[in-house]
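K.L.:
task: produce atomic coordinates for the following.
(one chain, ligands or ions: 2)
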Amino acid sequence: EQEVNRTRNQLRLNVTGKNVPEPIALFDQLSVNTDLIENLSRAGYDEPTTVQKQAITVMLEGRQLLACAPTGSGKTAAFLVPVIHHLKGPQRKGFRAVIVCPTRELAKQTQRECVRLSFGRGFRIHIIHKKALTQYAPNSSQKFDILVTTPNRLCYLLKQEPPVISLANVEWLIIDEADKLFETGLNSFREQLEEILQACSNKNRKIGMFSATLTPSVGEWCKENMRDFIQIIVGQKNS
Ligand code: ADP
Ligand code: MG
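P.N.:
Ligands and ions are numbered 1, 2, ... in the order given. Predicted structure coming up:
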C-alpha cells in the first residue's frame, strides 16, 4: 500500500475512493485480450500515459470514475480500452456504450480512435448524422454496439414520441470533456444528461466522466449521481 502510494506520488496521480486498484506501468500488464494490446501498439502507444495507467484499471474492474487530466494526456484511450474490453464483441443488442462529446469534430475523432483500438472485433460504431435524424425508428439502431454523439442530437431522438432510439441496454455511459459540456448554457447540459440517464435504464449502467479540469459543477454532479465512484486527478500529489 505504501509502495502504491509512492508510485502514485511519483506519477502525480491523486486518487480518492474505496479499494482503488493499482495503476499499471505497461499496457501488457492489463488483463485484456492480446488483440487490444496489439491495437494499442499499432497505434504507436508504447507506454500508457499517467491517466491511462490508473483509469483503465479502475474501469476494467467495473468501477465508476471521474478522471481529470490535462488536454492531450490520452483520455480517449483511457475510456475506450476498458469499454472495448467489457463489450467483448458485437451482439446486436443495440447500443451498449454511449460516448457524449461537446463537439461534432471531437465525436468524429473519438469514433476514429474507437475504430482503430477495436480493430478486428467487428463492432458497429455509430455517429448520429444530422441529415439522418428523420430516418430513425424504434428498432433501427439494434445493429449498433457503440454510439458516439453530441448531446443535442441524441436528446432530439430520445424526445420523439415514442423515442426512436433505445439506450435500454447501455452498460457504459461516457461523458467526455465534462467541464466543457457542463459550461454550455444555464443548466442545459444537466437537463440533457438527466434525459440521457433516464434512457439508460439498465440497472448495471456505469458512468465514466472525463474532464480536463475538476470544475465545481462536474464534481457536484458526480457526488449526486454516481455511487461509490473513484476520482483521479492527474498533476496533483496524492494526499
Ligand atoms: P485528451 O483526450 O486527454 O486531450 P487524447 O486522447 O486526444 O487526449 O490524446 C492526445 C494524443 O495523444 C492523441 O494524438 C493520441 O493518439 C495520443 N496518445 C494517446 N495515448 C497515447 C500513448 N499511450 N502513447 C502515445 N500517444 C498517445
Ligand atoms: Mg479528450
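
K.L.:
C-alpha only now, for contacts and for neighbours.
P.N.:
Fine.

K.L.:
flag every residue of the chain that's near ligand 1.
P.N.:
Residues of the chain lying close to ligand 1 (CA under 6 Å from any ligand atom) are 45-49, 70-77.

K.L.:
residue 158: which of those residues is nearest?
P.N.:
In terms of CA to CA, no member of these lies closer to residue 158 than residue 76, at 25.4 Å.

K.L.:
which residue, other than its chain neighbours, is closest to the closest one?
P.N.:
residue 110 (6.9 Å; CA to CA, 6 or more residues apart in numbering).

K.L.:
follow-up on the earlier one: could you flag which of the residues of the chain next to ligand 1 are buried?
P.N.:
Buried positions within the residues of the chain next to ligand 1, assessed by neighbour count (16 or more other CA atoms under 10 Å), are 48-49, 73-77.

K.L.:
can you give me the helices for the protein?
P.N.:
Using DSSP state H, the helices of the chain run over 2-11, 34-42, 50-60, 75-87, 104-117, 151-159, 178-183, 188-199, 216-225.

K.L.:
okay, those helices, which one's buried deepest?
P.N.:
helix 50-60 (a mean of 24; mean count of other CA atoms under 10 Å).

K.L.:
so what does it touch, helix or strand wise?
P.N.:
Packed against helix 50-60 by the contact rule (3 or more CA pairs under 8 Å, 6 or more residues apart in numbering; DSSP states H and E) you find strand 65-68, helix 75-87, strand 230-234.

K.L.:
give me the contacts around it.
P.N.:
11, 13, 20-26, 30, 64-65, 67, 69, 73-75, 77-79, 81-83, 85-86, 208, 230, 232, 234 (CA atoms under 8 Å, 6 or more residues apart in numbering).

K.L.:
torsion angles phi and psi at residue 96?
P.N.:
Per-residue torsions, residue 96: phi -110, psi -10 (degrees, to the nearest 10).

K.L.:
burial of the closest residue to it other than its chain neighbours, as a residue count?
P.N.:
Nearest non-adjacent residue to residue 96, counting by CA to CA, 6+ apart: residue 170, 3.9 Å away. Using other CA atoms under 10 Å, residue 170 has 25 neighbouring residues.

K.L.:
ok, residue 64 next?
P.N.:
Look at residue 64: counted by other CA under 10 Å, it has 25 neighbours.

K.L.:
any regions of this protein where pLDDT drops low?
P.N.:
237-239 (pLDDT under 70).

K.L.:
can you give me the distance of the one residue sitting closest to the centre of it to ligand 1?
P.N.:
In the chain, the residue lying closest to the centroid (CA atoms, centre = their mean) is residue 174, at 3.1 Å. Using CA to the nearest ligand atom, to the nearest Å, one obtains 12 Å as the distance from residue 174 to ligand 1.

K.L.:
from memory that residue sits against residue 98, does it?
P.N.:
Yes. Using CA atoms under 8 Å, residue 174 makes contact with residue 98 at a distance of 6.1 Å.

K.L.:
quick check on the residue nearest to residue 96: phi, psi?
P.N.:
Backbone geometry at residue 170, expressed as degrees, to the nearest 10, gives phi -70, psi 130.
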